[in-house]
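Novice: Structure, please.
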Amino acid sequence: MTLNNQLETAVKNTVEQLFSVRLENVEITLTRKDQNGDLTVMVFPMLRHIKGNPAVIGEQIGAELAKTDLITSYEVIKGFLNITVAHEVYLKDFNDILSQSDYGKSPVDKTKSGVMVEYSSPNTNKPLHLGHVRNNLLGYSVAQIVEATGRKVNKTQIINDRGIHICKSMLAWEQYGNGETPESTGLKGDKLVGNYYVKFDQEYKKEIADLIAAGKTEEEAKKEAPSLIAAQEMLRKWEQGDEAVVALWKKMNGWVYDGFETTYKNLGVNFDSLYYESNTYLLGKDVVQIGLDKGVFEKDSDGSVWIDLTDEGLDRKIVLRSDGTAVYMTQDIGTAIQRVKDHDINSMVYTVGNEQDYHFKVLFLILKKLGYDWAENLYHLSYGMVELPSGKMKSREGTVVDADELMEEM
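Specialist: Okay, here's the model as predicted:
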């Protein structure tokens with residue numbers, strides 16, 4: 001029996017004892033913050049059944065309730081009986097709830113399509129940090145809440161496992177790692193790979209400084225630094241399927257995944273499905289042609305494809321470059337469509353920081369214009385970014401609050 005039910009029953013019994021009247025219901029609210037007490041029993045509605053002064057009636061009921069173990073004190077303000085509930089009652093109520101594994105949960109309705117909740121979605125060139133902790137706990141909590149309402153939930157993440165940033169840590173390990181591994185160093189795999197991402201940035205900055213000293217502008221130096229050129233070449237080789245580069249990529253990503261798994265386990269979160277950017281980065285390109293055929297997209301003279309959202313208060317957004325390569329928006333369009341194909345879902349929640357607010361407005365609007373009815377059920381769970389007193393955390397500079405270290409300290 002909940003606390004409100006206990007109190008309602010006690011008030012009904014007291015009224016019956018004092019006035020020989022059995023009330024059908026008792027109105028109970030939270031006590032106003034400027035008054036003493038936890039809960040307030042409304043006396044005025046009782047006057048339909050009990051004759052008398054509401055303040056006097058409240059005093060009589062309060063005096064009888066005070067003889068029980070339910071309350072520790074009371075006060076009557078006009079027709080309102082404010083009571084302070086005993087700590088022991090709260091504790092018993094809490095333990096009763098705790099003992100019910102299905103408290104507040106509705107059974108899963110298998111006739112309804114499910115909800116996919118995306119969170120975490122890290123890069124495989126660095127360990128998880130404080131920002132990821134916030135993201136994971138938000139996303140996982142929302143998934144649990146949605147599931148408690150009786151909806152099927154699929155918890156997912158898209159792992160950013162490709163791109164120039166991944167190649168930077170790969171290149172630095174190849175150049176400076178001397179073959180070290182998580183086993184040989186005793187480091188978690190994600191920590192080891194993250195160290196080489198920082199190492200790349202350190203060497204890259206040295207090269208920029210040397211080029212500037214040799215007469216290059218800063219912009220020229222950033223583009224011409226040997227490390228960046230080598231990382232770009234490594235990315236080209238990866239995209240071409242170079243065996244040695246792909247083997248190194250698989251090995252170092254494997255180290256990172258092992259590290260992530262330990263962090264997720266300690267954090268108490270998990271996933272039902274995984275998506276990898278290396279598998280999804282080409283998705284959506286076929287949708288561009290569908291959009292062109294429907295008149296949703298338009299092609300510029302240079303061959304690039306755009307969508308004009310100015311009538312909706314947004315801007316023109318590119319969905320395919322002139323060289324035929326996709327942008328992040330294209331990939332996200334394709335991934336959303338693929339997820340609905342892969343799973344019995346008609347709703348998705350994206351747990352992503354508020355710097356992506358505009359991106360998701362555009363994404364959801366494009367999917368609606370393409371005619372997907374489930375696009376009405378897409379939600380961006382937006383939240384503020386975690387920053388240090390010194391400013392934004394930067395993994396490449398090693399200025400982050402490490403998730404594992406934070407949990408260990410806590």
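Novice: Show me the shaky parts of this structure.
Specialist: 1, 388, 390-399 (pLDDT under 70).
Novice: What segments of it are strands?
Specialist: Residue ranges of the strands in the chain, as given by DSSP state E, are 28-30, 39-42, 71-77, 80-85, 114-118, 153-159, 273-276, 298-299, 305-308, 316-320, 345-351, 378-381, 387-388, 391-392.
Novice: Any chance you could list what contacts the fifth one?
Specialist: Outside of strand 114-118, the residues that reach it under the criterion CB atoms under 8 Å, 6 or more residues apart in numbering are 139, 142-143, 146, 151-158, 339, 343-352. Using the backbone N, CA and C atoms, a C-beta is placed for each residue, glycine as well.
Novice: Likewise for the third one?
Specialist: By CB under 8 Å, 6+ apart, the residues outside strand 71-77 that reach it are 35-37, 43, 55, 58-59, 62, 65-66, 81-87.
Novice: if you set the cut-off to 10 Å instead, what comes out?
Specialist: 7, 10, 31-32, 35-41, 43, 54-63, 65-66, 81-89 (CB atoms under 10 Å, 6 or more residues apart in numbering).
Novice: Let's see which of the residues you listed end up in helices.
Specialist: Judged by DSSP state H, the contacts of strand 71-77 include 7, 10, 54-63, 65, 87-89 as members of helices.
Novice: which among those residues gets closest to residue 210?
Specialist: Set against residue 210, the nearest of the ones in helices among the contacts of strand 71-77 by CB to CB is residue 87 (68.8 Å).
Novice: Spatially nearest residue to that closest one (excluding sequence neighbours)?
Specialist: Once flanking residues are discounted, residue 87 sits nearest to residue 72: 8.0 Å by CB to CB, 6 or more residues apart in numbering.
Novice: For residue 57, see how far away the one you found is.
Specialist: Using CB to CB, to the nearest Å, one gets 21 Å for the distance from residue 72 to residue 57.
Novice: just residue 189 next, same as before
Specialist: As defined by CB to CB, residue 189 lies at a distance of 70 Å from residue 57.
Novice: Compare neighbour counts for those two and give me the winner.
Specialist: residue 189 (25 against 22; other CB atoms under 10 Å).
Novice: What is the neighbour count of the residue nearest to residue 87?
Specialist: For residue 72, the neighbour count with other CB under 10 Å is 14.
Novice: hang on, the earlier thing: just the buried subset of the contacts of strand 114-118, written out for PyMOL, thanks.
Specialist: Selection of the buried residues among these in PyMOL, burial being defined by 16 or more other CB atoms under 10 Å:
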select buried, resi 139+142+143+146+151+152+153+154+155+156+157+158+339+343+345+346+347+348+349+350+351+352
